[in-house]
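[1] this one's structure only:
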């Protein structure tokens, strides 16, 4: 049996305010699941629960993956350590010898496009993009089989964002790496994920589900734009993001477009079981 | 973390960068010379006269070094006690919200009470030995260090804890790689400020309570209206403070806070 992350009947409340209610999902090895939703929809709470940074109060999270790594919203590099030492942080925690972990960290830093000079510098001396690369390298050098992404690319410009996406996809092509990402950027979710779940409401629940058959590496810019427009044309998705109703007619899904692997997705009704071979959602 | 090959040229560059500071000080000396010419040696001896007095004491059998040693010993003991107790208790208070709230008014009281008030109490408690200046230095420096430690521990941000947990850092690494560098970056400036005030406070305490040390010598020279001696003692105290600050503490600070510099990997640039 391949490892997976399973979330069953998960609810969470901060004091009297319930932020997540009765969420079920499963993420098998090597797949990418994106949770999109407006700011404050409880996405971050869900990810922090998965990472063990918050204690699960109600429901269950079963993480069957051997190694989980996390990327935070900000790079959060230790400012008093060089980029190289930062990348090696997790390896040091595992007790790897210094010489060994420096070799591994340098190789991963290089793979992320950090040169010798950048690796020797302290984080405050690096640009935002470089810091993000170092943070990604710090996570990937642990050879995780589950990567949790807490909107790590949201502050980057479009070029850097795409570079980070490419680096992530390259790693996924190399070995099975499951990714659970949360983002408020629908286009980013459409570009990377096998399954996109739209999270909304208070307390948050999954409102829409989109399965994308086309492998992420084969998705071009035009395809991502079309697919994003298609998803954002769906009434429940517009509602989730508090968008006004469409003025012009929604883009239709003609036959040739279906062949390109575009999909409108479908609504997720409360308490309806929706098993799939990819990701499974029960609300 | 410290590459020795890089450290020495960095220090040399730092010293070379000191010419500006020296020029500025010499301008002050020139002003002093001018004022001395106007008012005459009874009011203000010239810098040369003062330096001459200082040079005489420096020679063999002179009083300068033994006197400075006594004062330095008192300042150092008081400072060391304040740094140890202040750092430990300050960090401990910062870790606990309740302890911070309890400690705050006391810090205000300690910082606000003039050292001279403590000195009067200390004279009654400890008499004329080392006890009085040491206690006064301790009580003047303790709150400064305490506040530094408390701030450091209080500002230890949430995300460092998350990071430590997400990357499963063992407790030793949490302390040495994450918490300690952060706290020290707050403590170190507090130690430097404490050092400066320890040197000032010890002289004051000696002046009023002791018959040895620089302060006591100042009291004597004042009683004898010996202006060159008075200025020479003041000069000695100021020179030592300058030397400590710029030859010892500032280079150390630059080295351990190299990561704060905005540009380049090379450290020590002035």
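    Now that the structure is in, tell me what you want to look at. Being a predicted model, the structure only gives us computed values, none of them experimental.
[2] mind checking which helix or strand of chain A has the lowest mean pLDDT?
    Within chain A, no helix or strand scores below strand A:273-274, which has a mean of 41 by mean pLDDT, DSSP states H and E.
[3] run a quick neighbour tally on residue 139.
    Just so you know, I chose chain A. 24 (other CB atoms under 10 Å in any protein chain shown). All C-beta spots, glycine's among them, are computed from the backbone N, C-alpha and C.
[4] my question was about chain B
    Neighbours around residue B:139, by other CB under 10 Å: 21.
[5] not counting its neighbours along the chain, what's nearest it?
    Leaving aside its sequence neighbours, residue B:139 sits nearest to residue B:118 (CB to CB, 6 or more residues apart in numbering or on different chains; 4.7 Å).
[6] show the model's pLDDT score for the residue sitting nearest the centre point of chain B.
    In chain B, the residue lying closest to the centroid (CA atoms, centre = their mean) is residue B:195, at 1.7 Å. Residue B:195 is assigned a pLDDT of 89 by the prediction.
[7] ok, it touching residue B:79?
    Yes - if you go by CB atoms under 8 Å, residue B:195 and residue B:79 touch, sitting 6.2 Å apart.
[8] show me which positions of stretch A:102-110 end up buried.
    A:102, A:104, A:105, A:106, A:108, A:109 (16 or more other CB atoms under 10 Å in any protein chain shown).
[9] I should have written stretch A:59-70 there, sorry.
    A:59, A:61, A:63, A:64, A:65, A:68, A:69, A:70.
[10] so who does the last one touch?
    Think residue A:70. By CB atoms under 8 Å, 6 or more residues apart in numbering or on different chains, the contact list for residue A:70 reads A:47, A:51, A:139, A:147, A:148, A:149, A:150, B:166, B:167.
[11] how about residue A:41, secondary structure?
    For residue A:41, the assignment made with DSSP: H, G, I helix; E, B strand; the rest coil gives coil.
[12] which stretches of chain B form helices?
    B:4-16, B:19-39, B:47-58, B:64-95, B:97-112, B:115-126, B:131-154, B:158-166, B:171-173, B:180-209, B:213-223, B:227-243, B:250-256 (DSSP state H).
[13] residue boundaries of the strands in chain A?
    Remark: strands assigned in chain A by DSSP state E are A:4-14, A:17-28, A:32-36, A:58-63, A:68-71, A:146-150, A:178-183, A:195-200, A:205-211, A:266-267, A:273-274, A:280-282.
[14] low pLDDT regions in chain A?
    A:1, A:249-259, A:269-283 (pLDDT under 70).
[15] any idea which residue of it is furthest from its center?
    residue A:99 (32.0 Å).
[16] what about that residue, distance to residue A:19?
    Using CB to CB, to the nearest Å, residue A:99 is found at 45 Å from residue A:19.
[17] and if you look at residue A:153?
    Counting by CB to CB, the gap from residue A:153 to residue A:19 is 24 Å.
[18] just checking, residue A:22 touches residue A:9?
    Yes - taking CB under 8 Å as the definition, residue A:22 is a contact partner of residue A:9 at 5.6 Å.
[19] so which of these two has more stuff around it?
    residue A:22 (17 against 12).
[20] so who does the nearest residue in space to residue A:77 that is not next to it in sequence touch?
    Take residue A:77 and drop its neighbours on the chain: the residue closest to it by CB to CB, 6+ apart is residue A:123, 3.9 Å away. Going by CB under 8 Å, 6+ apart, residue A:123 touches A:75, A:77, A:78, A:79, A:81, A:83, A:86, A:131, A:134, B:259.
[21] can you list the residues you listed in a markdown table and add neighbour count and distance to residue B:69?
    Converted to a markdown table, the contacts of residue A:123 look like this (neighbours: other CB atoms under 10 Å in any protein chain shown; distance: CB to CB, whole Å):
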| residue | neighbour count | distance to residue B:69 |
| --- | --- | --- |
| A:75 | 21 | 51 |
| A:77 | 24 | 46 |
| A:78 | 19 | 42 |
| A:79 | 15 | 40 |
| A:81 | 19 | 41 |
| A:83 | 27 | 47 |
| A:86 | 27 | 46 |
| A:131 | 22 | 50 |
| A:134 | 26 | 50 |
| B:259 | 19 | 37 |
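[22] residue B:54: what's it in contact with?
    Per CB under 8 Å, 6+ apart, neighbours of residue B:54: B:64, B:232, B:235, B:236.
[23] residue B:233 versus that one, what's the distance?
    9 Å.
[24] which of the contacts of residue B:54 count as buried?
    For those, buried by 16+ other CB under 10 Å: B:64, B:232, B:236.
[25] can you name the residues that contact the last one?
    Going back to what we said before, that points to residue B:236. Applying CB under 8 Å, 6+ apart, one finds that residue B:236 lies in contact with B:54, B:64, B:68, B:214.
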